[in-house]
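Trainee: pasting the structure only:
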């Protein structure tokens, strides 16, 4: 390896292999350029350079044949990459002379003439079969984007609220995660309410992303379908990461194969709403 | 109301000309009695059904009931407008009788031949296909185009089909064997947006047709010589629609917000109709349905000679035109439409506003009474065909409405939309008559056959659906 370290670029024999090393061995400073500017080149410089470069090819091939072991393998790999690039450029240059089948410029996504000059966002295909959906609903099984979520312990979900004259009673709990209460929600009388859902953590809208259209819409939440942490959280309307909620999609203008207009679809929450202050969900199509 | 009372009535035709002197009619007279009366007054050989309108409201019950409802004084002469209706009735289609696959890309246009015997469709897979209506299966597949087939058009005598594609090439096809009449004709530099044949009462058998393209020209081709005979340049942006009128003029609408009127013997520009503020998307003529179906109507489908066809076409055209000049309606991206009488005046007759999104397709009813407009604001609006006044809105679609089509008797209107449904609207009740779901994706093109029996629709889901009553 030491043989490759040479500080004079002219006498560096194995320039091709030590391109990597050459970068380390570049002259420090510009004294070479300065000398060339001041005194010009040697009279035979260009001829010698031309002849030397012509000899490089032979030297290279001699090295390729003689190199053994890891050195040989490394060189072979580098050489192969160069060969592939060279073949491609040659093919490109000879394209003009070759005869070729006429290419079809037919693009996908044919639209009629009245839609040609307009950009329309591409629509997702119409929904899957409603019967299959109903069956899945019954079974309670869903193919969801987030199948597993981190289980949330009860002491993380609820905070104990002390009440009573001496603040000794500890039967009240306050929910610390985002919740959804319906539009007709009225609190129970404070004396009897066990679970407090603070209004600051109540959300009515979610940012729902359509996975195929890749667009995000702000849609109203209709209800919480299932919270993976337990049926109690589902009934409370708690929305954590992985919860399946139902959103109002009448904006999208979807129609079932039977011709009915779809206005509610399921979506799964993908972020932690209590940390972000908003609910991001992905639509389940 | 006592049935002995009578009202002074003046019966008039749709243009306002009275049928005679005012008559005293008893108040228990209803539409059926008025029908007999008008037929006798007109000395009609065949009894035509009429619809009666008082102050633009249809008279459905007895005269007396109408007077009571609207508190009309019996001292004034009541003007009753009698609109002749088509003798035959088209039944609304209710079910999808066949879903025919065949195209491998979206179906972009669907069209019945003028005699209703053949059905053709053009698609994004570069083929034009003919379909057999009796067995509801594919008949011929015509390959020849190299890019999406954007528009197709039947000649009014039903003998040829012309198709235009995205490269600007035009091909002629024979419906009987599905073969092309020669290689595609080039001339346009960009895609073809619209095709229109010369009416058969001006020339039978049909030879010339006009094509409009994105490159801004309108070219007139001769199908027998197979070349372009005239090139009408003048538009600065794409020409969106071209129509050959029965008076021998060509109307072309363009994205440069103007409509140009050309004459066909030398290709000179006669008039320019300005007024729109944005692209003009579509044009419709009051006699368009008659020009499209040529000599064929619901009674006769066979003709022995081309002279006979020409005469039949001429009588049909004159009956539809009825002494008034042809009217043209144009729909635009500026959400409005204009009603013009282009052969007389370059100023519009009426401006029709009301849509909240761009107007994509307008169509006169076959008898010229109504204008229907389909818009991207998910509604279809109905307007009076002679004055341009707004009549009714049809709401029901949940996506932009792309195309509309009338039934041959002008009683039913069909609309196809991006939400994959087709809907049929009734003109008498002004409400939804039938809902036709079934397509899996957007519906790009709809057509009602001229004999009224079938509806064909095609769209992005690549199947052609045939609907029957």
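Mentor: Received it, and whenever you're ready, just let me know what you need. Note that the coordinates shown come from a computational prediction; the quantities given were computed from them, not determined experimentally.

Trainee: which one is residue B:174 nearest to, not counting chain neighbours?
Mentor: residue B:181 (6.2 Å; C-beta to C-beta, 6 or more residues apart in numbering or on different chains). Quick note: C-beta positions are derived from backbone N, CA and C, even for glycine.

Trainee: around that neighbour, how many other residues sit close by?
Mentor: Look at residue B:181: counted by other C-beta atoms under 10 Å in any protein chain shown, it has 15 neighbours.

Trainee: quick check: it touching residue B:224?
Mentor: No - using C-beta atoms under 8 Å, residue B:181 is not in contact with residue B:224; the gap is 9.3 Å.

Trainee: and the residue nearest to residue B:174, how far from chain A?
Mentor: Note on residue B:181: its distance to chain A, by C-beta to the nearest C-beta, to the nearest Å, is 23 Å.

Trainee: contacts only, for that residue.
Mentor: B:160, B:171, B:172, B:173, B:174, B:223, B:226 (C-beta atoms under 8 Å, 6 or more residues apart in numbering or on different chains).

Trainee: phi and psi next, for it.
Mentor: Per-residue torsions, residue B:181: phi -90, psi 80 (degrees, to the nearest 10).

Trainee: can you check residue B:276 too?
Mentor: The phi and psi values for residue B:276, taken as degrees, to the nearest 10, are phi -80, psi 160.

Trainee: list the contacts for it?
Mentor: When contacts are counted by C-beta under 8 Å, 6+ apart, residue B:276 is found next to B:257, B:258, B:259, B:330, B:332, B:334, B:336, B:338.

Trainee: for the closest residue in space to the last one that isn't next to it in sequence, grab the count of nearby residues.
Mentor: So that's residue B:338. In this structure, residue B:338 finds its nearest non-sequential neighbour in residue B:348, 4.1 Å apart by C-beta to C-beta, 6+ apart. By other C-beta under 10 Å, the residues close to residue B:348 number 22.

Trainee: residue B:116 too?
Mentor: Neighbour count for residue B:116, taken as other C-beta under 10 Å: 21.

Trainee: and what of residue B:450?
Mentor: Neighbourhood size, residue B:450 [other C-beta under 10 Å]: 24.

Trainee: does residue A:81 lie in a helix or a strand, and which?
Mentor: helix A:69-93 (DSSP states H and E).

Trainee: counting contacts, what elements does that helix pack onto?
Mentor: helix A:45-66 (3 or more C-beta pairs under 8 Å, 6 or more residues apart in numbering or on different chains; DSSP states H and E).

Trainee: give me the domain ranges for chain B.
Mentor: Domains of chain B are assigned by automatic domain parsing as B:2-84, B:95-468.

Trainee: hmm, residue B:233 is touching residue B:213, no?
Mentor: No - contact criterion C-beta under 8 Å: residue B:233 and residue B:213 do not qualify, at 10.9 Å.

Trainee: which of those two has more neighbours?
Mentor: Counted by other C-beta under 10 Å, residue B:233 and residue B:213 do not tie: residue B:213 has more neighbours, with 26 against 13.

Trainee: report how many residues lie close to the residue lying closest to the more buried one once chain neighbours are set aside.
Mentor: Of all residues not flanking residue B:213 in the chain, residue B:188 sits nearest, at 4.0 Å (C-beta to C-beta, 6+ apart). Number of residues near residue B:188 (other C-beta under 10 Å) recorded here: 26.

Trainee: which residues touch residue B:188?
Mentor: Contacts of residue B:188 by C-beta under 8 Å, 6+ apart are B:168, B:169, B:170, B:211, B:213, B:215, B:217, B:219.

Trainee: and the residue nearest to residue B:338, what helix or strand is that in?
Mentor: Using DSSP H and E, residue B:348 sits in no helix or strand.

Trainee: then the one 3 residues further on?
Mentor: Counting by DSSP H and E, the element that carries residue B:351 is strand B:350-352.

Trainee: my guess is residue A:76 contacts residue A:63. True?
Mentor: No - assessed by C-beta under 8 Å, residue A:76 is found out of contact with residue A:63, at 11.0 Å.

Trainee: look at these two and report which has more neighbours.
Mentor: Using other C-beta under 10 Å, the more surrounded residue of residue A:76 and residue A:63 is residue A:63, with 16 against 11.
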